[in-house]
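Visitor: Okay, sequence plus prediction incoming.
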Amino acid sequence: MNLQVNQRIPLKIKRMGINGEGIGFYQKTLVFVPGALKGEEIFCQITSVKRNFVEAKLLKINKESKFRVKPACDIYQACGGCQIMHLRYDKQLDFKQDLLQQALKKFKPAGYENYTIYPTIGMDKPSHYRAKLQFQTRSFKNQVKAGLYAENSHRLIGITNCYVQDAETQEIINGIAKLLTKHRIPIYNERKQHGIRTVMVRKARKTGQVQVIFITSCQVNLIKLIDELTNQFPSIITIALNWNRQKTSDIYGEKTEILWGEQAIDEAVLDYEFSLSPRAFYQLNPQQTEILYGEAVKALDISGDEDLIDAYCGVGTIGFAFAKKVKSVRGMDIIPEAIEDAKANAKRMGLSNTHYEAGKAEEIIPKWYQEGYRADALVVDPPRTGLDEKLLKTILDYKPAKMVYVSCNVSTLARDLVELSKAYKVEYIQSVDMFPHTARTEAVVKLSKRDINHHIDLEINEEDLKDISVKKDATYSEIKDYVFRKFELKVSTLNIAQVKRKLGIIERENYNHSKKENQRVPNCPPKKEQAIIDALTWFGMIE
C-alpha cells in the first residue's frame, strides 16, 4: 500500500460502514469516507493511513446518490452527532437493517443466514425526539457556551438549536448558559479543572416535568441561578448537583444531591407510570420506547405462569410491562439509585410480585437459583458493551425457556448470539430506530431454548451442497406478521394463497373452501395484494 496522507484519490462507494461512513476500495485498500453514500463516485483526500485501511475526507461528489438530501441542521458537519442526516430517512431505516446483517455476517452465530429480520420500525416525524441532553460547558471570552465536543476532539461546539433535541430542553439549556454567565459561576476547563463540567436536562414526555443536574468538580453557589431558572421555566421540578472530581471522561461522579424541588420526575410508558431520579437510566426517545417495549412484550409471548428475570433492569421499566401478566418479576442493576427507584415504582403501582436487588446479574442470578428461584423467562437490556462474559455463561448454565435480548449495539449483539445460539434458537430480530439521523439502532431478539436432544450441528462443505436443494419459504404466519408490521394491514391465509397462485407459486387447491356449491370467493384487495407481494419479495420467494 503506497497511499499517503493528503493524497487525493477518486473513489466509488460500495457500501456504508457501522459509523455511517462510505466505504470503497482504492488499489485494493479499504477507504473510509465520512459523509459519502453508497453508489456515489467521489474525490477524496486521505487523512490517515493505517495498516489495513485508510481514512479520507470528502472533497467532491462526481456522481451523487439519488437518496442524498440536504441536512436539516446548520451545524451538522461541525457537530458530527447525526452521522447520516444527509441520507433520506426511509433509506436510513434500510441502512440500519443492513448494519444488523453486516454484524451477523461478521460474527456468524449459528444459523444466521436463515434469521428472520424484520424491517426497521421508524418514526413518522424523526425530529426533536431526544427527551434528555447532556451538554458540556466552556467559557469563551467570559461567555458560557453549552454543547457537544466535535468528533474525535475536545473542541466544544456550542449548540443553541439542535434538530433532534426536544425543543423545551434546548430552551432550558440555552437559558442555563446565559444564567451561568450572568452569575459568574465557575466553569470547568482542562487546565484548571475547576467548576461546572456538564449540565443534564431531562423531560418526561407524558407529564412534561423536567429535571436538571449540574455536574461539578468543586463547590458552587447556585442559589440565585436556581431562583431565576425555576421562575423562567415552571416545568422544572428537580435540580440536583453531582460531584465529579475525576480526571476521566466519565460524565458523573458517585455523589448526587437534590438542591431544589422533588426527588424525581414522573414518566409513563405503555399502561403504567413510574418515577425517574436524576441518575436513573431511561431511554432517550420516549415515543419509540413505547414501540421498543411493546416489541419486547410481544417477543416474550408469555402465558401468565412465568417467573421472569429482568437483567439490567434500571428503574424497572421493562419488567413492569410484564408484572401484571406473569407470576413474578425479579430485577437487578449495578446502580443502587435505580434499584431504589424500581422498588418505589413497584410500590406505587401496587405490585406485590416484584423483587429488586443492586448488583451484577452474573452474581445475583446464581444466588437466586441457589435460593430456589427458577426463572422461566429472561429479558436482558445491556449497555453498548453487550452481555458480560460471566452472565453469558450463567444464562447457558441455567437456560430459561424463553428469552428476549434488547440490544443497543448490533456488533455486541451479534457477538453474544454466537454463544447464545449454542442453546437458543433465534426466532426473529426486530430493529427499532431509536436514534434517527445517527448510525445507531436498537433491536429486539426473540430466542427460544433449543431441544438439545433433537438439535444436531452438521458441517457441510461446498461439494455436498451441489447435490442439495435448500429453499425455505416463509410460513403464512410470517407473511401475515411482516405485512402487519410494515403496512399495518391484516391479511388472511386466503389473501396470501390467492396472490401466490396469481404469481404462479404452487399452492394446494383446497384452502378452506366453503362446502356450498358456487360459493363466491372475494378477490384479494389491490392494497393487500401489493403488501403481500412485498413480503414474498422480502422472503426471497419471488424476485
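Guide: The structure has been received and is ready for your questions. Numbers count the residues shown, from 1 in each chain.

Visitor: Show me which residues of stretch 61-69 are buried.
Guide: Ile61, Ser65, Phe67, Arg68 (16 or more other Cβ atoms under 10 Å). From N, CA and C alone the C-beta is placed, and that goes for glycine too.

Visitor: CSV for these, including secondary structure, pLDDT and distance to Asp271?
Guide: Compiled in CSV, the buried residues of stretch 61-69 are given as follows (DSSP: H, G, I helix; E, B strand; the rest coil; pLDDT from 0 to 100; distance: Cβ to Cβ, whole Å):
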residue, secondary structure, pLDDT, distance to Asp271
Ile61, strand, 98, 49
Ser65, coil, 98, 43
Phe67, coil, 99, 38
Arg68, strand, 98, 41
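
Visitor: where along the stretch 251-400 of the chain do the strands fall?
Guide: Counting by DSSP state E, counting those that start in this stretch, the stretch 251-400 of the chain has strands at residues 255-261, 265-269, 272-276, 307-311, 328-333, 354-358, 377-380.

Visitor: Other residues contacting the last one?
Guide: Defining contact as Cβ atoms under 8 Å, 6 or more residues apart in numbering, one finds that strand 377-380 is touched by 296, 300, 302, 306-312, 318-319, 322, 326, 361, 387, 391, 395, 400-406.

Visitor: buried subset of these?
Guide: Buried among these (16+ other Cβ under 10 Å): 296, 300, 306-312, 318-319, 322, 326, 361, 387, 391, 395, 400, 402-406.

Visitor: What about those, which are in helices?
Guide: Secondary structure from DSSP state H places Ala296, Leu300, Ile318, Gly319, Phe322, Ala361, Leu391, Ile395 of the buried ones among the contacts of strand 377-380 in helices.

Visitor: Run a quick neighbour tally on Asn114.
Guide: A total of 9 residues lie near Asn114 under the criterion other Cβ atoms under 10 Å.

Visitor: check contacts around Lys327.
Guide: Gly304, Asp305, Glu306, Asp307, Asn353.

Visitor: Give me the pLDDT value at it.
Guide: Here the pLDDT value assigned to Lys327 is 97.

Visitor: now the one 3 residues further on
Guide: What the model reports for Arg330 is a pLDDT of 98.

Visitor: contacting residues around it?
Guide: Contacts of Arg330 (Cβ under 8 Å, 6+ apart): Asp307, Leu308, Ile309, Asp310, Thr354, His355, Tyr356, Glu357, Trp368, Tyr373, Ala375.

Visitor: let's go with 10 Å and repeat that
Guide: Applying Cβ atoms under 10 Å, 6 or more residues apart in numbering, one finds that Arg330 lies in contact with 307-311, 313, 319, 353-357, 364-365, 368, 373, 375.

Visitor: what does Gln170 give?
Guide: His128, Arg130, Leu133, Phe135, Ala146, Ile159, Thr160, Asn161, Cys162, Tyr163, Val164, Val201.

Visitor: just checking, Val212 touches Thr198?
Guide: No: taking contacts as Cβ atoms under 10 Å, Val212 lies outside contact range of Thr198: 11.3 Å.

Visitor: Have a look at the two and say which one is more surrounded.
Guide: Taking other Cβ under 10 Å, Val212 and Thr198 do not tie; Val212 has more neighbours (26 against 19).

Visitor: any idea of the angle whichever strand or helix holds that one forms with strand 265-269?
Guide: Taking DSSP states H and E as the criterion, the element that holds Val212 is strand 210-216. For the pair strand 210-216 and strand 265-269, the angle between their directions (axes from the mean of the first three to the mean of the last three Cα atoms, to 10 degrees) equals 120 degrees.

Visitor: Show me which positions of strand 210-216 end up buried.
Guide: Val210, Gln211, Val212, Ile213, Phe214, Ile215, Thr216.

Visitor: Tell me the spacing between the second one and Arg245.
Guide: Going from Gln211 to Arg245 by Cβ to Cβ, to the nearest Å gives 23 Å.

Visitor: Could you report the neighbour count for Glu363?
Guide: Using other Cβ under 10 Å: Glu363 sits among 14 other residues.

Visitor: What distance do you get for it to Pro278?
Guide: Distance from Glu363 to Pro278, by Cβ to Cβ: 26 Å.

Visitor: again with Gly81
Guide: Taking Cβ to Cβ, one finds Gly81 at 23 Å from Pro278.

Visitor: One more: Ile265?
Guide: 9 Å.

Visitor: Give me the common contacts of the two.
Guide: Shared contacts of Ile265 and Pro278 (Cβ under 10 Å, 6+ apart): Arg202, Gln211, Thr238.

Visitor: what's the first-to-last distance across stretch 363-383?
Guide: End-to-end distance for stretch 363-383, by Cα to Cα, to the nearest Å: 17 Å.

Visitor: cool, stretch 183-196 as well?
Guide: Chord length of stretch 183-196, first to last residue, is 13 Å (Cα to Cα).

Visitor: Start the count at 270 instead of 1 going forward.
Guide: Happy to do that; since the first residue is 270 now, the last one works out to stretch 452-465.

Visitor: Give the buried residues for it.
Guide: Ile454, Pro455, Ile456, Tyr457, Gly464, Ile465.

Visitor: What of stretch 496-507?
Guide: Within stretch 496-507, the residues scored as buried using 16+ other Cβ under 10 Å are Leu498, Thr499, Phe502, Ser504, Ile505, Ile506, Thr507.

Visitor: what does stretch 512-523 give?
Guide: So, applying 16+ other Cβ under 10 Å, buried residues of stretch 512-523: Trp512, Asn513, Tyr521, Gly522.

Visitor: and the gap between the second one and Cys487?
Guide: Taking Cβ to Cβ as the criterion, Asn513 is separated from Cys487 by 10 Å.

Visitor: ditto for the third one
Guide: Distance of Tyr521 to Cys487, given as Cβ to Cβ: 16 Å.

Visitor: Repeat that for the first one.
Guide: Note on Trp512: its distance to Cys487, by Cβ to Cβ, is 9 Å.

Visitor: Also Pro455?
Guide: Noted for Pro455: a distance of 6 Å to Cys487, by Cβ to Cβ.

Visitor: anything in contact with each of these two?
Guide: Counting by Cβ under 10 Å, 6+ apart, the common neighbours of Pro455 and Cys487 are Lys461, His463, Gly464, Ile465.

Visitor: wait, doesn't the third one sit right on Val489?
Guide: This means Gly464. Yes: at 7.0 Å, Gly464 and Val489 qualify as touching, with contact defined as Cβ under 10 Å.

Visitor: any chance you could map the helices in the stretch 620-769 of the chain?
Guide: Counting by DSSP state H, counting those that start in this stretch, the stretch 620-769 of the chain has helices at residues 630-639, 658-667, 679-689, 731-734, 745-756, 762-771.

Visitor: quick one, which of these is packed in tightest?
Guide: Each of the helices of the stretch 620-769 of the chain was scored by mean neighbour count; the highest is helix 679-689, a mean of 21, by mean count of other Cβ atoms under 10 Å.

Visitor: Count the neighbours of Lys426 for me.
Guide: Lys isn't right for residue 426; it's Ile. Counted with other Cβ under 10 Å, Ile426 comes out at 17.

Visitor: separation between it and Ile633?
Guide: 41 Å.

Visitor: Likewise for Thr389?
Guide: Going from Thr389 to Ile633 by Cβ to Cβ gives 33 Å.

Visitor: same deal with Gly427?
Guide: 44 Å.

Visitor: The strand or helix carrying Glu497 packs against which elements?
Guide: Per DSSP H and E: Glu497 is located in helix 492-501. If you count contacts as 3 or more Cβ pairs under 10 Å, 6 or more residues apart in numbering; DSSP states H and E, helix 492-501 packs onto helix 436-451, strand 479-485, strand 505-512, strand 524-530.
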